[in-house]
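Novice: have a look at this fold, sequence not included:
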Ligand SMILES: O=P(O)(O)OC[C@H]1O[C@H](O)[C@H](O)[C@@H](O)[C@@H]1O
């Protein structure tokens, strides 16, 4: 994987017409898409020159939206599929193959066409036979193990788009971060164990407080796809009704997980959280150090995070709010704004 990444990143890997690769398109769905897409966006500050794109669903709009700006000569496709049979992925892989052949190998013999395909396709999979039948060379198939569920596969060969983006060294650091958390989980006492505490809070919220759903709100645009990734990881893992003894369970499993980046969601669904009748739990995620040059934006962003989380956790009841508004009616607008948490005001 590292050798391949270095070849493509350095321009030594050439397409069928001898040109270096500028754009990589990952074709995959579910775990073969959500983790890589989330991480490539999150770590874009460390990326090299390659543009990484993602195509997932079977709607032709998805692939045509990506292909419209690309040049076949400088495009490399990664077919990401553990099984190499998933309908959406295989349909899009065929479209990509036809796109390459129509543009670069129309009048060629079958043999030459195979060479063209080999120069523009690599894959991550466990199904060698199907990969070779498709026309990808064995040496450009990056394998992983059957037992790796799609939702955890970003840590395997499925992470190749991330390696192409941030380089092998960066990818190793990414893996080291994952390993550090694995060790923390394995060795820490329960009361200081982050995954254990999150799991217990989930059970508590879902079964004892009867929350309607759970939200994850990153106050960081670079984590724009984090909640999408978590949705599969959490709900595909925990959305079950049968236990290990094959019996139906009598308690609630798996919370309904959703969310969006702050502050966008403050202007869409946050009023329901603050003022609606159903209670949901929320994880607010903030990043203390900013990597951009806009210090003032960052301070405002964090102020929003703290204000929203505090007001949601400790905000006034509707009755208290009304009492305050009536009491403050004769004072200045500024003092009303200080008294009443912003989300409880009627806009
Ligand atoms: O990687 P593939 O074999 O194409 O599978 C893609 C996805 O298929 C299904 O939806 C599974 O439930 C997912 O866990 C998996 O990530």
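Specialist: That came through, no problem. This one's a predicted model, so the numbers in the text were calculated from it and none came from an experiment.
Novice: tally of neighbours for the residue of the stretch 1-150 of the chain found nearest the ligand?
Specialist: Residue of the stretch 1-150 of the chain nearest the ligand, by CB to the nearest ligand atom: residue 150 (2.2 Å). C-beta here means a position set from N, CA and C on the backbone, and glycine is covered the same way. Other residues lying near residue 150 total 24 when counted by other CB atoms under 10 Å.
Novice: give me every residue that touches it.
Specialist: Shown here is residue 150, whose contacts under the criterion CB atoms under 8 Å, 6 or more residues apart in numbering are 30-32, 82, 158, 232, 236.
Novice: ranking those residues by neighbours, who comes first?
Specialist: With neighbours set by other CB under 10 Å, the maximum within the contacts of residue 150 is found at residue 158, which has 28 neighbours.
Novice: filter the contacts of residue 150 down to the ones near the ligand?
Specialist: Checking the contacts of residue 150 against the ligand by CB under 6 Å from any ligand atom, the ones in range are 30-32, 82, 236.
Novice: buried residues in the helix of greatest length in the chain?
Specialist: In the chain, with assignment by DSSP state H, the single longest helix is helix 160-187. Neighbour counts over helix 160-187 (16 or more other CB atoms under 10 Å) mark 160-168, 170-171, 174 as buried.
Novice: what's next to stretch 12-26, contact-wise?
Specialist: Stretch 12-26 is touched from outside by 4, 6-8, 11, 33, 36-37, 49-55, 66-67, 70-78, 80, 96, 100, 104-105, 115-116, 119-120, 161, 164, with contacts defined as CB under 8 Å, 6+ apart.
Novice: same check on stretch 245-254?
Specialist: So stretch 245-254 is contacted by 206-207, 234-235, 237-243 (CB under 8 Å, 6+ apart).
Novice: flag every residue of this structure that's near the ligand.
Specialist: For the chain, the residues found near the ligand under the criterion CB under 6 Å from any ligand atom are 29-32, 81-83, 86, 89, 149-151, 236.
Novice: could the residues you listed go into a markdown table alongside pLDDT?
Specialist: Converted to a markdown table, these look like this (pLDDT from 0 to 100):
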| residue | pLDDT |
| --- | --- |
| 29 | 98 |
| 30 | 98 |
| 31 | 97 |
| 32 | 98 |
| 81 | 97 |
| 82 | 96 |
| 83 | 96 |
| 86 | 98 |
| 89 | 98 |
| 149 | 94 |
| 150 | 95 |
| 151 | 95 |
| 236 | 95 |
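Novice: mind checking which of these are in helices?
Specialist: With helices defined by DSSP H, the entries of the residues of the chain next to the ligand inside them are residue 89.
Novice: between the residues of the chain next to the ligand, which sits nearest residue 299?
Specialist: In terms of CB to CB, no member of those lies closer to residue 299 than residue 151, at 35.5 Å.
Novice: now the helices for the protein?
Specialist: Assigned by DSSP H, the chain shows helices spanning 2-10, 34-42, 60-67, 87-104, 110-120, 128-134, 160-187, 194-203, 226-230, 237-238, 270-275, 295-314, 318-328, 333-339.
Novice: what's the closest of the ones you listed to residue 283?
Specialist: Minimum separation from residue 283 across the helices of the chain (CB to CB) falls at helix 194-203, 8.3 Å.
Novice: list the contacts of residue 113.
Specialist: For residue 113, the set of contacting residues under the criterion of CB under 8 Å, 6+ apart consists of 101, 105.
Novice: tell me where the model's unsure across this structure.
Specialist: Applying pLDDT under 70 to the chain flags residues 318, 324-325, 327-347.
Novice: okay, which residue is most central for it?
Specialist: Centroid check for the chain by CA atoms, centre = their mean gives residue 38 as the closest residue, at 3.0 Å.
Novice: hang on, isn't that residue packed against residue 228?
Specialist: Yes: using CB atoms under 8 Å, residue 38 makes contact with residue 228 at a distance of 6.8 Å.
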